[in-house]
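Chemist: test case, fold it:
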Amino acid sequence: MLNLLLQVWGGAFYLLNKILFSRAERSLNLQTQKSRLMLAWICYLIGLPPWVFIFISEHNWIAAAVETSGAPAMIMGLIAARHGQESFHEHAWLDRLAKLMVIAGLSLSFYDFGGLTTLNQILELGIAAGFLVGTYLMARQKPQGYFWLIVGNISAASLMMRQGYYVLMTQQLLSMIFVVDAYWVRQRKGASHNA
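Modeler: Residues are numbered from 1 along each chain as shown. Next up is the predicted model:
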């Protein structure tokens, strides 16, 4: 029962995050876009604890550390949505904290498994690349972040399927629809501004 509750909690808020990113990209009003982006980052933070718990319970140390290290990037995204990009230099310590967490997760995983020895660890590296790079770029409002989120979604869906977390697998696959939509809208906006 706890397993299902954690999946629904984490999956629902991460999916809502992607829906809000997509809706923010489609916003014509700057204030509406700003409020949707802020709400998206808040949903991301609310959905974080169950994902970390599940990853730790499965000894997915890389993914657990990466998800945890994503919190500073999420906070940076929330700050940027509220105060603008110029606020980044004031919070550089969050960036350093995120990097330290990734190193800790990799070290713990390699220690626990005796190196890079399992398919799950490889999928975790895909989650790490997609989640960290995607969240980092999204916090800086770079459209390439969406591509990396898709890499993370595919890796996470595969890992969740292998470990029997079908609600989270489904959520990751559904999230990709909204990530692709947000990317497509952002690219169209960029093309129309350059024309």
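Chemist: look up how far K34 lies from the residue nearest to the spatial centre of the chain.
Modeler: Centroid-nearest residue in the chain, with CA atoms, centre = their mean: F131, separated by 4.4 Å. Per CB to CB, to the nearest Å, F131 is found 24 Å from K34. For the C-beta atoms, the positions are set from N, CA and C on the backbone; glycine is no exception.
Chemist: repeat that for W41.
Modeler: For W41, the distance to K34 (CB to CB) stands at 11 Å.
Chemist: what about the two, which has more around it?
Modeler: It is W41, of W41 and K34, that has more neighbours when counted by other CB atoms under 10 Å, with 26 against 15.
Chemist: I figured that one hits A73, correct?
Modeler: No: at 9.4 Å, W41 does not count as touching A73 under the criterion of CB atoms under 8 Å.
Chemist: could you report the separation of the residue nearest to the centre of the chain from I19?
Modeler: Taking CB to CB, one finds F131 at 18 Å from I19.
Chemist: again, but for F55
Modeler: On the measure of CB to CB, F55 and I19 end up 23 Å apart.
Chemist: okay, the two: which has more neighbours?
Modeler: F55 (25 against 20).
Chemist: what about the chain, any weak spots by pLDDT?
Modeler: 84-92, 94-95, 98, 102, 105, 191-195 (pLDDT under 70).
Chemist: so what's D112 up against?
Modeler: H59, W61 (CB atoms under 8 Å, 6 or more residues apart in numbering).
Chemist: how far away is it from M176?
Modeler: Taking CB to CB as the measure, D112 falls 30 Å from M176.
Chemist: also R140?
Modeler: R140 is 21 Å from M176, by CB to CB.
Chemist: with L30 instead?
Modeler: As judged by CB to CB, L30 and M176 stand 27 Å apart.
Chemist: could you do Q7 as well?
Modeler: As defined by CB to CB, Q7 lies at a distance of 18 Å from M176.
Chemist: out of the two, which sits in the more crowded spot?
Modeler: Taking other CB under 10 Å, Q7 and M176 do not tie; Q7 has more neighbours (21 against 17).
Chemist: tell me which helix or strand the more buried one sits in.
Modeler: Using DSSP states H and E, Q7 falls within helix 2-26.
Chemist: what's in contact with that helix?
Modeler: By CB under 8 Å, 6+ apart, helix 2-26 touches 32-33, 36-37, 39-41, 43-44, 46-51, 53-54, 138, 146, 149, 165, 167-168, 170-172, 174-175, 178-179, 181-182, 185-186, 189.
Chemist: what is the subsequent helix or strand relative to that helix?
Modeler: Counting by DSSP H and E, what follows helix 2-26 is helix 30-57.
Chemist: need the next SSE after that following helix, C-terminal direction.
Modeler: Next along the chain from helix 30-57, counting by DSSP H and E, comes helix 61-83.
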